[in-house]
Structures are given as structure tokens and as C-alpha cells.
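Visitor: Model the following, please.
(chains A and B)
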Protein chains: 2
Amino acid sequence: MTRMLLSALACALVAAPLAAQEKPAEAPTPASVVAAAKSAEWTAIDPADLLVMTLAPSAKGEERQVIVQLLPPPFSQGWVGNIRALARAHWWDGTSVYRVVDNWVAQWGDADETKPLPEGIREVPESEYVTPVQRDPAGVRDYVLTPKRAEIVINRFIDSYAVTGFVAGWPMALDDKGGGTAWPVHCYGHVGVARDLSPATGSGAELYAVIGHAPRQLDRNIAVVGRVIEGIEHLATLQRGKGEAGVYDDPALRVPILSVRLADELPEGERPRFQYLASESESFARYLHVRANRSDPFYRVPAGAVDLCNVQVPIRREPQG
Amino acid sequence: MTRMLLSALACALVAAPLAAQEKPAEAPTPASVVAAAKSAEWTAIDPADLLVMTLAPSAKGEERQVIVQLLPPPFSQGWVGNIRALARAHWWDGTSVYRVVDNWVAQWGDADETKPLPEGIREVPESEYVTPVQRDPAGVRDYVLTPKRAEIVINRFIDSYAVTGFVAGWPMALDDKGGGTAWPVHCYGHVGVARDLSPATGSGAELYAVIGHAPRQLDRNIAVVGRVIEGIEHLATLQRGKGEAGVYDDPALRVPILSVRLADELPEGERPRFQYLASESESFARYLHVRANRSDPFYRVPAGAVDLCNVQVPIRREPQG
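Guide: Down below sits the predicted model:
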């Protein structure tokens, strides 16, 4: 049963090897910590913050839906505003996924870049790649966002690139020198705004999702606007492009986008309901600790650390009933 | 042309925006540093260290070949020896890729785990997950491997998990406390040995390749034995499994493995010839620096660092002629 054990859920599948009287309390796994979290530790995601992208069915006839959660204020709101306008105009309907590069990104929008943008799309300055942050004047928390004073839960584990933490369920990096800034990061599944050379910042019409190891060198260089919270496999399994920079050389390979809708535009009963495990919750702190210190029966040496993009903030469909 | 610019090769495609007399020397990119490396800085990979795995053609009739480079001594040689014996016995012919988990692994071997192993497969102890390392007694290099005294080129950039470096073209982690050890790591495309619960270490018959963000928590917990150097997309694009732990619930979904051969068993003319950029070379040092400090026209803020699995040691087909 080798194949079953290389799994986050593995320890649940394995009979305890010790006699009953010697059996220690089962060491927690990330999955068991999440399963034990209290209802109150889960925070609902507003359907107004979800984009539902429906791709044409696969060659096998499988339906393909990709759900993107948009970043909350104060992060990347210029682009997020553009994306809301594009979605409300149904601008992506009839466009395609036209570029897929292994261990890099899958990109969608108007492959020919000739489709006029709707009214109200604004040009966002590079300064909005980051948001101001300051040490908590009240001294209660290490850092808060200014001016909103939202809390940043600092990640004590070292990151190669920056000081890091979590804000409202999102991994963030920050510069803790005086007058510092925070910024959203490029992790697996995160969504960014393709652009031309600096100072262009992109409108938000051409988007990509990361389908490989976190390309953190893009942080602060491209706007991160959200993350795929369901259906990333429909992008990650797409045939890789063989044209320039991974664009499909044959337009017939493009994957049609049937529609992109903000979930609050869908009929009430069709709106997807998701929750994230609150960054400030005890269960999240425990989850972070256990991800860094695996001690369930599969592991023999805990890493003692975890890099930011390996934390994977828990997100789930709202439980029924 | 938004799509063309989100690319490692982008700056080569862009006309310089400045007038000729003002044009600065073009800032190097990782690709330009690699392109400028001298022939002598490239080291041939012995075909005896390459596994050529041929999958059944795709539904579209596309041929699918995956080439795995095995780790050199002294790393993981117990499992590598088993893998050589399995390949020489043509043991994988007729087996399959039977488990695919998004942002995790694609796994292959005998899905039913009933096929007898060939002669000469040995059980490898957990102690072989790591290899001894010591500070260079000659004081020339920071660290050397014992007893082989191979050189470790230390990576000065911080890693979340360990001190890191490069040995013979491979990323490595190490424990630099007295009497320390070094070990190979789990990066995108790296190949490991599936196993049951500790102290089982796996035979090497069931292998997986990483198809997502580097799962470094597995380092020192599972044997890393190699890396996919060509054709990883044939694994990364496979349909994800919906059975327990991502195993294909329907055996008809398994992807048949037609053959796995050590490249030195192939006719001379069919042996793939690859080279890696030597870890000790000046060009590699420059490449590492540029990966951490992107300053070509696409980037506005260099990260100033790079995590180990984001370095991606340059590997290429041997140039013709």
C-alpha cells in the first residue's frame, strides 16, 4: 500500500502499530488540525469576491469550472476593480486560455489582444503593487496595515525572500524597515495580471495562474489579484504551448472560455459558498506549527520550518446544513 | 503583446526603448548567462545515469517520453542501485502511472503491488537518506563530502529549511552542525521513492515525480533518487486521480508504461546526450546571482534572493556538431 502513504491523510489509514495500552495520542496532521477547527474559526468568503470561470468541456466531455477568489482591500484594488468591471461586462465570454508553460503559468484572456475593453478600466500605477504597513501603535500586534489597521499574523518561519505573514487568510510578504510595505505573493494557484514592460502594469484583462513552484521573483513586479480555490487542475493539466513564450502556436489549441461571472451575479442557489480558516484563529496557529513539524507516523524527521507558499491556507466549501 | 513578456526570455524579444547612444549594456537574464557559458563549463551526463521512460501515446497520438537523471554517488545509492536492477530487468515494462495528485506528485510502478521484484533488490536503511559532510580540512571550500571530498558550492541565499548548496549540478541541503550531513531535496520534477510507514524505505519500484510546489517537508523522510530532465509535462498534465490518495479509481485511467530503459542499454545512436552547467563554474555563480537579482527590463524590483528550488540548475541537450 505504498501509494496510500505518501499522503497528507495517510495516518488515518494506518492501523496503530503499538499495543493498545502503549498507544500514544495520535500526533496531529495538518488535515486533523483543520478537521478539528471550530465553526467560529472559519470565515465566509463573500460570493462578490469570487470569479467563476467556465471552460468548454474537456475532450472527454468533463465540465471544467475554475473558481478564483479576489484579494480583499487594501491589496491590488485597482486591478481588482478592473477585473470586476470586466466580469460584469461579460468581457471574458468567448475568450480563451491561450498560453500554458510547464512549472510556470496558464494564461487567459483575449489571445489576439484586439478586443476593446469595457468602460471604466483604469490604469493602475506601480505604487499599488504594495500597501503601507506599520508596527502596531498599540503594541498588541507586530504589524498592522495602514490605514485599515487590519492585523498581520507574522509567520515566525524564515522565508528566503522577506518577512512574511498572513492577513485575512492570505499569505503576505512585508518589508519591516521603517515606513514599510506589505504585498501579496506568487504561490501555486495564485492569479496575477500579465503586463507589458514596466511601467505598464496591465489592465487585468489578461490573467495567469501559477501552475508550478512559486515564482516569488515576480512579487512586487506584477500585480497578484487572487488565487484559484477550486479547479486549478483544469488549468494545470492543459497541454503546454509550443509557440513563442508558451503560447499555443495553433489557435485550434486554445481552450474556449464560455463565461466568467462574479458569483453574486449567479442565481442565489448557484452561488458557490466557501470559507477560509481565519489567520488569527488558534487552529490556524496550530496548523502552521504542524505543517512545519510533521510528527505523524509517516514522518521520521520534522522539517522544523515551512516556506510561505507551502503553508496553503485551508479553504473549504461551506458545510451543508 | 502582454503574453510574450511574462517570460524568462522576454528581454530578448523587446526592442531597447532608449536611443542608441544612451543604450546601456543589456542587463543579463538567467537565459543570457546560460547562453554565454563556455563549452568547458558544461559537464556531460553519463547515459548510464539516465532512465528513459516511454509512456503509451496520448489520446491525440502524441509520443510521450520522460527522461530521469539518477543521483550520482554518494547520494541515495542503495535505491539507485535497486532502480538500475529494476530497469535492467525491464521490470517497469507493462506497469503504469496510477496516481496523480495536483500540486503534489505523479506516481508510477505496479498499481496492484503484486508483481515480484527481480533478484538483487536490497532493503536500504533510513540512515542512507543523508550522507556525511564536513568542513573542508584544507580550508579551501566551506564543506566537502566525506569520504569522497566532492565539493559543495554553498548557496548564500537563505532557505526556509536548511543551509543549502549545489553538488555536481544538484541542489542539496545540509546540516552544518559538527558531524553534519547533506541530503538531496524535493524540488519540482524531482523523483522520489514511495514507501510504507517508517522504518520502511521503499525498494525503488514505486516512484513519483513532484508536479507542484517543492514539498520540502519530505526531505530526509523519503529517498530522492533523481529528477526529470525532459518530458515532465507528460506527467504534470495527466488527469488527477479521484480515488483514495489520488489513485485512479478506474484502472482504465492508468497510463501504460511501454518501457523503462537505462540509456546505456539503448543503441548508441538513440542514447540521449545531456549536459549540466557545472556548479563550480563562474557561469553558474553568475546564473545564481542573476536569478536572485533580476534587473532586465521586465523587472522593477529585484527579489535580492532566490529559494533553492527556484534556482533550476541549467541542463541542456548536448549541442550537435
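
Visitor: tell me the contacts of A:Asp182?
Guide: Actually, residue A:182 is Ala rather than Asp. By CB atoms under 8 Å, 6 or more residues apart in numbering or on different chains, A:Ala182 lies in contact with A:75, A:130-133, A:143, A:145, A:152, A:165, A:167, A:172-175. C-beta here means a position set from N, CA and C on the backbone, and glycine is covered the same way.

Visitor: what's the answer for A:Gly226, then?
Guide: A:Leu51, A:Val68, A:Gln69, A:Leu70, A:Leu71, A:Val80, A:Ile83, A:His190, A:Val191.

Visitor: Equivalent analysis for A:Val290, please.
Guide: Counted by CB under 8 Å, 6+ apart, A:Val290 has contacts A:Pro28, A:Thr29, A:Pro30, A:Val33.

Visitor: a strand runs through it, doesn't it?
Guide: No. When classified by DSSP: H, G, I helix; E, B strand; the rest coil, A:Val290 is found to be helix rather than part of a strand.

Visitor: quick revisit: which residue in the contacts of A:Ala182 has the weakest pLDDT?
Guide: In terms of pLDDT, A:Tyr143 ranks lowest among the contacts of A:Ala182, with 70.

Visitor: can you give me the helices in chain A?
Guide: Using DSSP state H, the helices found in chain A span residues A:2-5, A:30-36, A:77-88, A:233-236, A:282-292.

Visitor: mean pLDDT for the ones you listed: which is lowest?
Guide: Ranked by mean pLDDT, the helices of chain A bottom out at helix A:2-5, with a mean of 39.

Visitor: will you turn the contacts of A:Val290 into a markdown table that also has neighbour count and distance to B:Val100?
Guide: Converted to a markdown table, the contacts of A:Val290 look like this (neighbours: other CB atoms under 10 Å in any protein chain shown; distance: CB to CB, whole Å):
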| residue | neighbour count | distance to B:Val100 |
| --- | --- | --- |
| A:Pro28 | 20 | 27 |
| A:Thr29 | 24 | 21 |
| A:Pro30 | 23 | 21 |
| A:Val33 | 21 | 26 |
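
Visitor: and which of the residues you listed is nearest chain B?
Guide: A:Pro30 (9.7 Å; CB to the nearest CB).

Visitor: Quick check: that closest one vs A:Tyr287, distance?
Guide: A:Pro30 sits 6 Å away from A:Tyr287, going by CB to CB, to the nearest Å.

Visitor: again, but for A:His234
Guide: Taking CB to CB, one finds A:His234 at 27 Å from A:Tyr287.

Visitor: cool, and A:Ser281?
Guide: Separation of A:Ser281 from A:Tyr287 (CB to CB): 9 Å.

Visitor: between the two, which one's more packed in?
Guide: Taking other CB atoms under 10 Å in any protein chain shown, A:Ser281 and A:Tyr287 do not tie; A:Tyr287 has more neighbours (25 against 17).

Visitor: Spatially nearest residue to the more buried one, not counting backbone neighbours?
Guide: Nearest non-adjacent residue to A:Tyr287, counting by CB to CB, 6 or more residues apart in numbering or on different chains: A:Val33, 4.7 Å away.

Visitor: Next: A:Trp183.
Guide: Distances taken as CB to CB, 6+ apart place A:Val130 nearest to A:Trp183, at 4.5 Å, with adjacent residues excluded.

Visitor: and the residue sitting nearest the centre point of chain A, what is it in contact with?
Guide: What sits nearest the mean C-alpha location of chain A, by CA atoms, centre = their mean, is A:Arg227, with 3.0 Å. A:Arg227 sits next to A:Val68, A:Gln69, A:Trp170, A:Cys187, A:Gly189, A:His190, A:Val191 when contact means CB under 8 Å, 6+ apart.

Visitor: restrict those to contacts with chain B.
Guide: A:Cys187, A:Gly189 (CB under 8 Å from any CB of the partner chain).

Visitor: would you turn the contacts of A:Arg227 into TSV with pLDDT and neighbour count?
Guide: Putting those into TSV (pLDDT from 0 to 100; neighbours: other CB atoms under 10 Å in any protein chain shown) gives the following:
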residue	pLDDT	neighbour count
A:Val68	98	26
A:Gln69	98	24
A:Trp170	97	21
A:Cys187	98	25
A:Gly189	98	27
A:His190	98	27
A:Val191	98	27
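
Visitor: Could I get the CA-only coordinates of stretch A:176-194 as PDB?
Guide: C-alpha atoms of stretch A:176-194 as PDB (Å, rounded to 0.1, in the frame of the first residue of the first chain):
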ATOM      1  CA  ASP A 176       9.800  45.700   8.000                       C
ATOM      2  CA  LYS A 177      12.100  48.600   7.700                       C
ATOM      3  CA  GLY A 178      10.700  51.900   8.800                       C
ATOM      4  CA  GLY A 179       7.700  53.000   6.700                       C
ATOM      5  CA  GLY A 180       7.500  49.500   5.300                       C
ATOM      6  CA  THR A 181       5.100  47.900   2.900                       C
ATOM      7  CA  ALA A 182       3.300  44.600   2.500                       C
ATOM      8  CA  TRP A 183       2.500  42.800  -0.700                       C
ATOM      9  CA  PRO A 184       0.700  39.700  -1.900                       C
ATOM     10  CA  VAL A 185       2.800  36.800  -3.200                       C
ATOM     11  CA  HIS A 186       3.000  34.400  -6.100                       C
ATOM     12  CA  CYS A 187       2.200  30.900  -4.700                       C
ATOM     13  CA  TYR A 188       0.900  27.800  -6.600                       C
ATOM     14  CA  GLY A 189      -2.600  28.700  -7.900                       C
ATOM     15  CA  HIS A 190      -2.300  32.400  -7.300                       C
ATOM     16  CA  VAL A 191      -3.500  34.700 -10.100                       C
ATOM     17  CA  GLY A 192      -1.700  37.700 -11.500                       C
ATOM     18  CA  VAL A 193      -2.000  40.300 -14.100                       C
ATOM     19  CA  ALA A 194       0.000  39.900 -17.300                       C
END
